[in-house]
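**Q** sequence unknown, structure follows:
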């Protein structure tokens with residue numbers, strides 16, 4: 001019954017890192033800005049301003065290529081302390097409305113406001129207020145999606161970026177899903193997208209035409225998930241208190257590469273981000289895992305455990321670099337890299353881990 005449906009909000013900050021840099025440095029406002037590495041080296045774009053995106057720049061692109069696309073672009077090194085401070089301000093706003101807050105990253109979160117602290121009936125009104133408060137207190141803009149489940153709320157938040165609000169009611173869900181390109185469905189990666197397209201599945205409407213039995217046969221266990229989301233079914237609750245057993249980062253490269261120097265640079269970026277997350281939680285771990293996906297989509301992992309905790313960025317990089325040589329990276333082109341620390345020395349609730357969502361292109365391109 002409709003009255004039993006949840007009221008879910010997905011808040012997503014707009015070009016978060018770049019927007020913080022433009023806020024803190026007035027000279028960057030209105031300019032194409034890249035947060036990332038050195039264009040003279042093997043740096044990678046972490047995120048970029050909307051002004052830079054007009055030139056075709058995007059996350060995971062090499063900084064050298066970004067410079068070729070837009071010679072006037074301004075390159076800025078990431079300041080994770082500043083981003084975490086803003087993220088904490090935003091969380092405090094969320095918690096004014098509900099304790100059911102599930103952070104996905106430094107810059108986005110789900111909120112369940114079915115029952116909320118102010119006792120407000122309208123989830124749309126709450127989302128509007130949250131976005132206004134964020135802009136007032138941080139000087140930054142956010143986009144919001146409102147719906148009756150997490151799947152629809154997350155997709156809705158991306159519809160009117162930047163600084164937009166989209167509501168998908170139960171009555172609108174069927175039409176909204178039907179027109180969605182299959183690549184917009186969370187959980188449908190490039191391999192699955194290609195397989196679906198080969199089967200004539202290009203939109204939500206196409207997916208909805210297939211029975212559960214057909215989807216099970218063609219996609220295995222995930223077939224149930226595809227069957228459900230094509231019909232707007234997502235029963236996952238907003239969960240703020242799960243215990244995280246690992247902290248990791250991974251990035252899907254914009255272009256496959258066999259360049260070891262570039263791969264090590266990317267691993268260095270991942271190592272710094274993982275170290276920041278560990279430090280923010282005053283945690284460390286005994287096991288480091290390197291994940292490599294080759295251009296042919298074969299995935300390999302290399303893992304090592306230590307007696308002493310692993311926590312510093314340079315230590316993570318050194319260990320991961322040692323594991324990289326035990327793969328066929330360089331001999332084979334690579335499309336994805338990941339670094340994860342596990343066997344944590346502390347139990348960390350998910351709501352305390354402001355971990356950016358994966359893959360890399362989704363972390364920053366908001």
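**A** Here it is on my side, so go on. Model, not experiment: these values are computed from the prediction.
**Q** what residue ranges in the stretch 151-300 of the chain are flagged as low confidence?
**A** Applying pLDDT under 70 to the stretch 151-300 of the chain picks out residues 241-244.
**Q** now do 80
**A** By pLDDT under 80, the weakly predicted segments of the stretch 151-300 of the chain are 186-187, 189-191, 241-245, 254, 279-282.
**Q** quick one, longest helix in this structure?
**A** Using DSSP state H to define each element, the chain has its longest helix at helix 260-280.
**Q** which other helices and strands contact that one?
**A** If you count contacts as 3 or more C-beta pairs under 8 Å, 6 or more residues apart in numbering; DSSP states H and E, helix 260-280 packs onto helix 80-97, strand 246-257, helix 313-324, strand 334-344. To be clear about C-beta, it is placed using only N, CA and C from the backbone, and glycine gets the same treatment.
**Q** how does it look with 7 Å?
**A** Packing partners of helix 260-280 (3 or more C-beta pairs under 7 Å, 6 or more residues apart in numbering; DSSP states H and E): strand 246-257, helix 313-324, strand 334-344.
**Q** Deepest in the core, which of these is it.
**A** Stretch with highest mean neighbour count among these: strand 334-344 (a mean of 22; mean count of other C-beta atoms under 10 Å).
**Q** And the strands in the stretch 51-200 of the chain, which stretches?
**A** Secondary structure of the stretch 51-200 of the chain (DSSP state E, counting those that start in this stretch): strands located at 74-76, 101-105, 108-112, 142-147, 165-167.
**Q** out of these, deepest packed?
**A** Sorting these by mean neighbours (by mean count of other C-beta under 10 Å), the first place falls to strand 142-147, with a mean of 27.
**Q** quick one: that strand to helix 80-97, angle?
**A** Relative orientation of strand 142-147 and helix 80-97, computed by axes from the mean of the first three to the mean of the last three C-alpha atoms, to 10 degrees: 40 degrees.
**Q** Looking at the record's assignment, how would you partition the protein?
**A** Listed by automatic domain parsing, the domain ranges of the chain are 1-169, 180-229, 243-364.
**Q** Find out how far the shortest one is from the centre of the chain, if you would.
**A** Between the mean C-alpha point of domain 180-229 and the mean C-alpha point of its chain there is a distance of 21 Å (C-alpha atoms, centre = their mean, to the nearest Å).
**Q** Same question for the first one.
**A** Mean C-alpha position of domain 1-169 versus that of the full chain (C-alpha atoms, centre = their mean) differs by 10 Å.
**Q** Tabulate the helices and strands packed on helix 260-280 in a markdown table, adding columns for distance to residue 115.
**A** Shown next, in a markdown table, are the helices and strands packed on helix 260-280 (distance: least, C-beta to C-beta, whole Å):
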| stretch | distance to residue 115 |
| --- | --- |
| strand 246-257 | 31 |
| helix 313-324 | 41 |
| strand 334-344 | 32 |
